[in-house]
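J.: Sequence and predicted structure are below.
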Amino acid sequence: MNAFDEYPGDLVLRQGLPRLLEASEDVRRAHKTFQDAKDSTERRRMFQKLFEVVISKWVSGDVTVAGVESWDEFCARVGRGLANIANGTSSGDLVVFTSGGPIAVALRRALHLSHADTLQMTWMSRNASFTEFLSSGDRFTLSTFNATPHLDDESLLTYR
């Protein structure tokens, strides 16, 4: 598995949802709202809310899925990738193409975020945006987050 692959949210949702529907009122409520959605726009919005509730349960350890890495394992994997980059690149620029989850874990490292705050950052990353970090020795800092100067049409600014 590549260090910067996204977390397995689809597997967590598909395999964790049945148990969570039995155990969590929050999940039951979000699932019902999703099922009751009247049109495709509302359905997409309610799916996102359901997904967020389920993934937050995975992040907090309330649900685990056999054969699927945990949130802590995901964060550790991305952290190893960041360390490999920092240790292997003495100077110059490096570009990594990835997704919202790994970007959020990098933000966690740069900004010392909690797990809950890190998860919230996953929902904030825009598609095709860029985030820039500066690294020197043990220093790892955020320079730019969620920039989209290359997109000149507002309709291209999406999150999912």
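T.: Looks like it arrived, so ask away.

J.: Show residues contacting the longest helix seen in the chain.
T.: Of all segments of type helix in the chain, defined using DSSP state H, the longest is helix 40-59. Helix 40-59 has contacts (CB atoms under 8 Å, 6 or more residues apart in numbering) with 9, 12-13, 16-17, 20, 24, 26-27, 30-31, 33-34, 37, 63-65, 70-71, 115-116, 119, 123, 160. For the C-beta atoms, the positions are set from N, CA and C on the backbone; glycine is no exception.

J.: the strands in the protein, which residues?
T.: Ranges of strands within the chain are 130-136, 139-147, based on DSSP state E.

J.: Just say which of those strands is most tucked in.
T.: strand 130-136 (a mean of 15; mean count of other CB atoms under 10 Å).

J.: so how far is that strand off the chain centroid?
T.: 18 Å (CA atoms, centre = their mean, to the nearest Å).

J.: Direction included, what does that strand pair up with?
T.: Sheet pairing of strand 130-136 (DSSP bridges) gives strand 139-147 (antiparallel).

J.: Restrict the partner strand to CA atoms and write it as CSV.
T.: Below are the C-alpha coordinates for strand 139-147, written out as CSV (Å, rounded to 0.1, in the frame of the first residue of the first chain):
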residue,chain,number,x,y,z
ARG,A,139,10.4,21.2,11.4
PHE,A,140,7.3,20.5,9.4
THR,A,141,5.1,23.5,8.9
LEU,A,142,2.1,24.5,6.8
SER,A,143,2.6,27.2,4.2
THR,A,144,-0.6,27.0,2.0
PHE,A,145,-3.8,25.1,2.4
ASN,A,146,-6.6,24.3,-0.1
ALA,A,147,-5.3,26.7,-2.7
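
J.: what does it rub up against?
T.: Contacts of strand 139-147 (CB under 8 Å, 6+ apart): 82, 86, 106-107, 109-111, 124-126, 129-135.
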